[in-house]
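**Q** what's the 3D shape of this:
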Amino acid sequence: MDAVDIDPAAVDSTEANATANLAHLAAPDGRTPIHAGLPDLIGEAKGDYPVVLANILATPLKLLSPLLAGHVAPGGHLVLAGILARQEDELKQAYAGVGLQLQVANEEDGWILMTAQKPA
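**A** Residues are numbered from 1 along each chain as shown. I've put the predicted structure just below:
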């Protein structure tokens, strides 16, 4: 599993949480199944993933639509958060352009969670 964040503290926190909560999944060398890093990790994230999650604002989500959709495995899921309800249509349009049909999965206090499943 690969995790990317622009905040070095978030990367450190991800690694610490993985160590604390996934110790039972650690390899013999003690490494957990999560590889966290700064955006240069994106170049290392190769192939398809069964779940791709992004929790950032709508503008970066639109700009990253080809990259994010490109890493979703056939039959896999995309989960997007950090979206204002009024931005629903623009996100749907952006991801339709890369072959994913986003739907609102949850809404709270004007924020929405959107999901899509890539055709198998």
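
**Q** Using the three-state scheme, assign the nearest residue to Leu78 once chain neighbours are set aside.
**A** The spatially closest residue to Leu78, leaving aside those adjacent along the chain, is Ala116, at 4.7 Å (C-beta to C-beta, 6 or more residues apart in numbering). Placement of C-beta: from N, CA and C, glycine included. Following DSSP: H, G, I helix; E, B strand; the rest coil, we place Ala116 in the strand state.

**Q** neighbours around Pro8, how many?
**A** 10 (other C-beta atoms under 10 Å).

**Q** Tell me which stretches of the protein form helices.
**A** Along the chain, the segments classed as helices by DSSP state H run 8-21, 58-63, 65-70, 88-96.

**Q** Output these as TSV; include the columns mean pLDDT and distance to Tyr49.
**A** Shown next, in TSV, are the helices of the chain (pLDDT from 0 to 100; distance: least, C-beta to C-beta, whole Å):
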stretch	mean pLDDT	distance to Tyr49
helix 8-21	84	16
helix 58-63	94	17
helix 65-70	92	10
helix 88-96	98	16
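
**Q** so Leu84 touches Leu61, yeah?
**A** No. Look at Leu84 against Leu61 with C-beta atoms under 8 Å: they stay out of range, at 11.3 Å.

**Q** Which one's more surrounded, the two?
**A** Leu61 (23 against 12).

**Q** list the contacts for that one?
**A** By C-beta atoms under 8 Å, 6 or more residues apart in numbering, the contact list for Leu61 reads 54, 68, 80, 82-83, 91, 94.

**Q** which of those residues are buried?
**A** 54, 68, 80, 82-83, 91, 94 (16 or more other C-beta atoms under 10 Å).

**Q** remind me, longest strand of the protein?
**A** strand 72-84 (DSSP state E).

**Q** quick one: it to helix 88-96, angle?
**A** 160 degrees (axes from the mean of the first three to the mean of the last three C-alpha atoms, to 10 degrees).
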